[in-house]
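# Model the following, please.
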Amino acid sequence: MRAELVKTEKAVGMVLCHDITCIEPGRFKGAAFKKGHRVSAEDIPLLLQLGKDHLYTLILDSDEVHEDDASRRLAAAIAGPGVKTKWPSEGRVNLFAAYQGLLKVNVELLQQLNALPDIVIATLHSNVPVKTDTTLAGTKVIPLVVKEEVLQQVEEKCRLAGPVVQVLPYRKLRLGVLITGREIYEGRIKDAFGPVMKQKAEQFGLEEPEILYAPDDALFIARQLKQLVENGNELIVLTGGMSVDPDDVTPKGIRLSGAEVVKYGAPVLPGAMFMIAYLQQTPIIGLPACGMYFRTTVFDLILPRLLAGEKITESDISSLGYGGLCRRCEVCLYPDCSFGKSI
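Now for the predicted structure:
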């Protein structure tokens, strides 16, 4: 790369090595063109109007790539399904969600790429639920130009290890809900869990859930749970009776149904008495009473992953501890907060 003084009319495609100031008395003073800008044919009239008959421009060597082109290639390399990009601005390309879903970040690959010279890629946390047009990541290179071999390393690593960022779309699963507790089953108190489950279903674009009820009877709970599965529900949530008190028998009912328990207890507050199990291929969630009282709980960390098609493991639950403490903010900002975020 070298700097040369060239006639403005012949500078198309070249890169400015300094800012060009524009002054409009009483209105504006600032850079009309910034250092690093690549001159286009449309720029020439304004440059001449600003008195720039000649420009100091950077001439790139054959193995060098301008920052705008480099950022485009970086974005193309790291973007997976469900990700869209926009044109570079000051050498930076942002990546956005093409649709609602679950953001997945290949953290190991991200760290490898950021260890390369001159490469910058910043993302949101993995496993964050995102909406259409949510900004997922930004990428750029540090200098005005970067070596071709560095970009080729990025592209090769992404070719071998897959994308850095992608969005998994939510599946339209049929949601079944079993609300336990004799006082609710017998109508002595009003069901408060049902409205919460309906609201969660609507939030993720699901149909209104089928809701059944059961007293504090483990065998009855097991029968109702299996009935929900037989009715075609693909995800079952059981609410209430999830503690270790003698009359809280929902976990026993889940086991009696034949479901295989993956984990009982989660390092998440609120949501410690959470259970995840599978009845054959159907996910079964045991949701403690916190799901009725708090806007955001462990349920909000797990539900998007199930809807995105993931099978939850014991390790998945155990890893929630780092970032698993909800701040209980006066105004809930989730997912734009630290809850559920881990490295």
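
# how far does stretch 241-256 sit from the chain's center?
Relative to its parent chain, stretch 241-256 has a centroid offset of 34 Å by C-alpha atoms, centre = their mean, to the nearest Å.

# how long is it from one end to the other?
15 Å (C-alpha to C-alpha, to the nearest Å).

# before we move on, what about stretch 317-324?
Start-to-end span of stretch 317-324 (C-alpha to C-alpha) is 10 Å.

# any residues touching that stretch, and which ones?
262-263, 266-269, 274, 276, 298, 301, 338-343 (C-beta atoms under 8 Å, 6 or more residues apart in numbering). Yep, even glycine has a C-beta here, placed from its N, CA and C like the rest.

# Buried residues, it. List them.
Using 16 or more other C-beta atoms under 10 Å as the test for burial, stretch 317-324 gives Ile317, Leu320, Gly323, Gly324.

# Let me know whether Thr85 touches Arg92 as I believe.
No: in this structure, Thr85 is not within contact of Arg92 by C-beta atoms under 8 Å, at 10.8 Å.

# Find the helix or strand that Glu183 is a member of.
Of the helices and strands defined by DSSP states H and E, Glu183 is found in helix 182-185.

# Is Glu234 in contact with Thr282, as I believe?
Yes: the pair Glu234 and Thr282 passes the contact test of C-beta under 8 Å, sitting 6.3 Å apart.

# how far does stretch 209-222 sit from the chain's center?
Centroid separation for stretch 209-222 versus its chain: 34 Å, with C-alpha atoms, centre = their mean.

# Name the residues of it that are buried.
Judged by neighbour count (16+ other C-beta under 10 Å), stretch 209-222 contains these buried residues: 209-218, 220-222.

# Other residues contacting that stretch?
By C-beta under 8 Å, 6+ apart, stretch 209-222 touches 174-182, 184-186, 191, 194, 197-198, 201, 224, 227-228, 231, 233, 237-238, 241, 247-250, 252-254, 256-258.

# Next step: these restricted to strands.
Per DSSP state E, strands hold the following members of the contacts of stretch 209-222: Leu175, Gly176, Val177, Leu178, Ile179, Thr180, Val237, Leu238.

# Just the buried ones among these, please.
Buried members of the ones in strands among the contacts of stretch 209-222, scored by 16+ other C-beta under 10 Å, are Leu175, Gly176, Val177, Leu178, Ile179, Thr180, Val237, Leu238.

# Tell me which two of those residues sit farthest apart.
Greatest spatial distance in these: Leu175 and Thr180, 16.5 Å, computed using C-beta to C-beta.

# coming back round to it: just the ones in strands from the buried residues of stretch 317-324, please.
Among the buried residues of stretch 317-324, no member falls in strands (DSSP E).

# among the residues you listed, which two are most distant?
Farthest pair in the buried residues of stretch 317-324, by C-beta to C-beta: Ile317 and Gly323, 13.1 Å.

# Tell me who's in contact with the residue most central in space within the chain.
Nearest to the mean C-alpha position of the chain, by C-alpha atoms, centre = their mean, lies Leu103 at 2.9 Å. Leu103 sits next to 97, 124-130, 134, 136, 165-167 when contact means C-beta under 8 Å, 6+ apart.

# Equivalent analysis for Glu314, please.
Val262, Lys263.

# how close does it get to Leu320?
Per C-beta to C-beta, to the nearest Å, Glu314 is found 11 Å from Leu320.

# same thing with Thr139?
Note on Thr139: its distance to Leu320, by C-beta to C-beta, is 28 Å.

# One more: Val107?
Val107 is 16 Å from Leu320, by C-beta to C-beta.

# and the nearest residue to Arg38 once chain neighbours are set aside, what pLDDT?
Nearest non-adjacent residue to Arg38, counting by C-beta to C-beta, 6 or more residues apart in numbering: Val15, 5.2 Å away. Per-residue confidence (pLDDT) for Val15: 84.

# Surely Val15 and Leu144 touch.
Yes: with contacts counted by C-beta under 8 Å, Val15 reaches Leu144, the gap being 6.5 Å.
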